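J.: fold the following, please.
(2 chains)
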Amino acid sequence: MQVFKTFFKILNKQKHQFIIYISIFGVLLGVLSNVGGNERKEFQGSKMDIVVFDYDNSEESKYLMEYLYSLHNKVNVKDDREEIQDSLYWQVIDYVLYIDEGYSETGKLSNIKRDGTKASIYVEEQIAAYQKSFDAYVAAGYSSKEAYEKTIAALDSNGLVGYKGKSSVELPKQYYYFTYMTYILIMLLMNVMAPIIMVFNKKEIKDRNSVAPMTIKSRSTQLIGATAVLSIAVWAALIIVAAIMFKGQVFVGTNALNLLSSFVFLLLTVGLVCIVSSFNLKAPTISMISNIIALGMAFLGGVFVPMEIFSDGILKIARFMPTYWQVKATESLYVDGGLDTFFKCVGIEALFALAFMAIALIVAKVMKERREG
Amino acid sequence: MSEAVVKIENLVKRYKEVLALDHFNLEIKEGEVFGLLGPNGSGKTTTINCILSLLSYDKGEVEVFGKKMTPDNYEAKRNIGVVMQNVAVFDELTVYENIDYFCGLYIKDKAKRKEYVEEAITFVGLEDFKKFYPKKLSGGLLRRLNIACGIAHKPKLIIMDEPTVAVDPQSRNKILEGIEELNRNGATIIYTSHYMEEVEQICSRIAIMDKGKNLALGTKDELKKMIKNTETIYIEKIEVTKEQLEAISKINHVYSANVEDGKLQVKCSGGKHNLINVLNYINDNNIPCGRVYSELPTLNDVFLEITGKELRDKEA
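T.: Okay, here's the model as predicted:
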């Protein structure tokens, strides 16, 4: 067990570096997941604090008031000039609308608002859109009630802005956690595990191990064992963080399938690390390569940017990125696609893992042959 | 007669078009300090790597402890210690941990291993550096650590591939003394070097290699007897005529005499009083001269005479 023990002895010597990496990437993962989870809410309407004084008391004015209160928060303030000014100053209210007498005839409105705020422009645009639509329906011969209903329906259907495919679904934070986890796994394992494997792959150390009475099988088994223990520990740590963040929800229902897909992704990352470790690289080079691979895969695979904005050409390239399939697999659990898509994507990830392992073996063989001339 | 610890027959190793070992033969007996002497690129390290089964070869046989050496001959490997040409240690482990790791590949028993590791540390004189990391050690101390990692498990056969390259004189002496002590304790040693002085100092038998061939084999005295030159006399600041130079070359046992930059070089073959004979001639002819000294042939002379070139490139 010399190789196995020494692997962890070396890791222990670099524990400070390891802890720093884990902490940085752990925090990064948490932050990214939270930011990602809030991202889509920006496309929903913001709610303002408003007050409407209806001095027309007509059917039309009541519909307008009803519409505005359905969009915004109603604040109870007396129609007192001083009180209204104070409420606006202390930001208790954002907008005050007066529906003047005769509104049903003239459509006349007046308001009090805070100068230079986006809120007032926002509400005014909503009122203008409502009135335009309502008047059009009335002019077309609809009753006030019908015109109101049709206006509400028409304005409602225009309300959401989003990327095609996911526009109607708000993705949970878990989606972001498990997609961003791909980047974190690559960065962590490349920077922590690859340098240790490389120590054992150094020609001089390898030769000295080769002349000792230790079988190649034993040496390889110990190294693979140590690699497996470390990589599973890193994966388990990230899952524990997820379990804490999402209050155990990661183990419930379809969410639990994220564990499977992330584990398969872990395997392919280990394969990737094995390929990089086959070369005799220096620490700064490993850091550079890990950044190129992790960022490249994250951007092209749709981890950091939604795939919906990709052109067809980029999408074709993205399919060669394992991250693309991990994102697809995670997405299929929350958006349309279902389990068939999920298992298909995870299967492709497994094939990537096998391919990477095979490439690592070939590279190791080529390096050995090159050394022997 | 002692048994052959290593036996190499007709070994051929090619690196693409380059013939690194050309039908190389060698037999190393138990208890020897055997020197493989040759210039850089002569095939010494390739020979070592073939003995250790680190390299596959094209033709021939290698036997260690009477059995064919293969990558899975673990019985033989158990009794071999290797000191690589390049320092082979973990930069991430301390001196103690390094020796413990490599010793642990051979010795499973923890208590015994601890004892062996301590002995190895004392042997190479690294007692004060146990907790040092390799990067903090000087070149000489690093070489000593490299040796300790190779010999801690007390092997019967120790292979040392240029262990003193880039080492200060103090560490070099310590290493050479250590090798002699290991041999006295019963280990057979194969020592490769391109430093002829080291090989002359510690090796009981020497093979001279060049271009993958074994050019000459024997003790240092046997090797020196293989060549014509037995003594070279030097006389500095001398002024001799062409006739006088010719007369010197005709002195009994002298086979060559020439002057370069005012320094006379007289090469002799056999004879016991060559220096006196030459000095008598100088004296009889009132030839003015400076310092006079005589040198016995070195292995470099042997190499020079066999191959026509110096063993080591002239150092600046």
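
J.: residue B:219 - nearest residue in space that isn't next to it in sequence?
T.: Spatial nearest neighbour of residue B:219, excluding adjacent residues (C-beta to C-beta, 6 or more residues apart in numbering or on different chains): residue B:205 at 5.8 Å. All C-beta atoms are positioned from the backbone trio N, CA, C, and that covers glycine.

J.: could you list the low-pLDDT ranges of chain A?
T.: Within chain A, the stretches with pLDDT under 70 are A:36-45, A:114-119, A:157-170, A:336-337, A:371-373.

J.: near chain B, which residues of it? Just list them.
T.: A:2, A:6, A:9-10, A:13-14, A:199, A:203-205, A:207-216, A:372-373 (C-beta under 8 Å from any C-beta of the partner chain).

J.: which members of those are classed as buried?
T.: Listed as buried from the residues of chain A next to chain B are A:2, A:6, A:9-10, A:13, A:199, A:205, A:207-214; burial here means 16 or more other C-beta atoms under 10 Å in any protein chain shown.

J.: returning to that earlier point: what pLDDT does the residue nearest to residue B:219 get?
T.: You'll see residue B:205 listed with a pLDDT of 93.

J.: burial count for it?
T.: Look at residue B:205: counted by other C-beta atoms under 10 Å in any protein chain shown, it has 17 neighbours.

J.: tell me the contacts of it?
T.: Each residue near residue B:205 by C-beta atoms under 8 Å, 6 or more residues apart in numbering or on different chains is listed here: B:28, B:32, B:33, B:34, B:35, B:217, B:218, B:219.

J.: just checking the distance from the longest helix seen in chain A to the centre of its chain.
T.: Ranked by number of residues, the top helix in chain A under DSSP state H is helix A:338-372. Distance of helix A:338-372 from its chain centroid, counting by C-alpha atoms, centre = their mean, to the nearest Å, is 26 Å.

J.: against which helices or strands is it packed?
T.: For helix A:338-372, the packing partners by 3 or more C-beta pairs under 8 Å, 6 or more residues apart in numbering or on different chains; DSSP states H and E come out as helix A:257-277, helix A:322-334.

J.: can you rerun that using 10 Å?
T.: helix A:173-201, helix A:203-210, helix A:257-277, helix A:322-334 (3 or more C-beta pairs under 10 Å, 6 or more residues apart in numbering or on different chains; DSSP states H and E).

J.: who touches residue B:26 in this structure?
T.: B:4, B:6-9, B:11, B:34, B:36, B:47, B:51, B:62, B:190, B:207, B:209, B:214, B:217 (C-beta atoms under 10 Å, 6 or more residues apart in numbering or on different chains).

J.: just say helix, strand or coil for it.
T.: strand (DSSP: H, G, I helix; E, B strand; the rest coil).

J.: tell me the bridge partners for it.
T.: residue B:8 (DSSP bridges).

J.: which of the helices and strands packed on helix A:338-372 sits most buried?
T.: Neighbour counts (mean count of other C-beta atoms under 10 Å in any protein chain shown) averaged over each of the helices and strands packed on helix A:338-372 peak at helix A:322-334, with a mean of 25.

J.: okay, the angle between that helix and helix A:338-372?
T.: Using axes from the mean of the first three to the mean of the last three C-alpha atoms, to 10 degrees, the direction of helix A:322-334 lies 160 degrees away from that of helix A:338-372.

J.: and helix A:322-334 with helix A:257-277, angle?
T.: Using the same axes, to 10 degrees: helix A:322-334 against helix A:257-277 is 180 degrees.

J.: so which elements touch helix A:322-334?
T.: helix A:173-201, helix A:257-277, helix A:283-300, helix A:312-318, helix A:338-372.

J.: switch to 8 Å and redo it
T.: helix A:173-201, helix A:257-277, helix A:283-300, helix A:338-372.

J.: nearest to residue B:119, out of those?
T.: helix A:173-201 (26.5 Å; C-beta to C-beta).

J.: burial count for residue 221?
T.: No chain specified, so I'll use chain A. Neighbours of residue A:221 (other C-beta under 10 Å): 13.

J.: meant chain B, my bad for not saying
T.: Neighbours around residue B:221, by other C-beta under 10 Å: 8.

J.: against which helices or strands is the strand or helix carrying it packed?
T.: With elements taken from DSSP states H and E, the one containing residue B:221 is helix B:220-225. Where contact means 3+ C-beta pairs under 8 Å, 6+ apart, helix B:220-225 is packed against strand B:205-210, helix B:299-307.
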